[in-house]
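Engineer: here is the input, now give the coordinates:
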Amino acid sequence: MGSLWNAFKQNRTKIWVGAVTLLLVLYLVVTFERSILLLSDANLVAKGIGAAYLVLPIIGAWALIRELVFGARTEKMAKVLEAEGGLPVDNLPRTPGGRIVRAAADAEFEKYRVEAEAAPEDWRSWFRLSCAYDAAGDRKRARESMRDAVRLFRTEPTAAER
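Structural biologist: Reported below is the predicted structural model:
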């Protein structure tokens, strides 16, 4: 039982992503099925609603695929950084509620901002900057920085190409 609990704790994010993905896929399938039903109706208004309703599963599937690919690439980059010993250490002080102390995160952020400015073509510096933005509570900039890191990671030549 203990090993099952440990496996769950180690993979809880993946389990959560899988559950949410499964629910979204179920929603998209039902939405698609309902739009087909409306499109097959003789009433022109129903056909119009069915056509408009068909857009939802298409956009939803695109967004789901995009987010899953982004997550997989981010995880791959984290594994590379971990193997290199380049992941930022999570040693910032926390409040009793478990949140990172904002002043400490802001002070740590400066180090990673300077690193990213010094090496703007290195995906590793953008990855670490993204982690620093996240620790400082700026999720929007964290995501932008991670997108930059993914773009640079994808364009970096592999060891076989060098």
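Engineer: and for the protein, the residue most distant from the center?
Structural biologist: residue 42 (42.6 Å; C-alpha atoms, centre = their mean).
Engineer: quick check: the gap between that one and residue 52.
Structural biologist: To residue 52, residue 42 is 18 Å away according to C-beta to C-beta, to the nearest Å. Quick note: C-beta positions are derived from backbone N, CA and C, even for glycine.
Engineer: show me where pLDDT drops low in the chain?
Structural biologist: Within the chain, the ranges that satisfy pLDDT under 70 run 1-2, 157-162.
Engineer: what ranges does it have for its helices?
Structural biologist: Counting by DSSP state H, one finds helices in the chain at the ranges 2-10, 12-39, 44-84, 102-118, 123-135, 139-155.
Engineer: so can I have CSV of those helices showing mean neighbour count and distance to residue 92?
Structural biologist: Output for the helices of the chain, formatted as CSV (neighbours: other C-beta atoms under 10 Å; distance: least, C-beta to C-beta, whole Å):
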stretch, mean neighbour count, distance to residue 92
helix 2-10, 9, 22
helix 12-39, 13, 20
helix 44-84, 13, 18
helix 102-118, 15, 5
helix 123-135, 23, 6
helix 139-155, 16, 15
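Engineer: can you add distance to residue 94 and give those helices back as a markdown table?
Structural biologist: Shown next, in a markdown table, are those (distance: least, C-beta to C-beta, whole Å):
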| stretch | distance to residue 94 |
| --- | --- |
| helix 2-10 | 19 |
| helix 12-39 | 19 |
| helix 44-84 | 21 |
| helix 102-118 | 9 |
| helix 123-135 | 10 |
| helix 139-155 | 18 |
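Engineer: so which of those helices is nearest residue 95?
Structural biologist: Among those, the nearest to residue 95 by C-beta to C-beta is helix 102-118 (9.2 Å).
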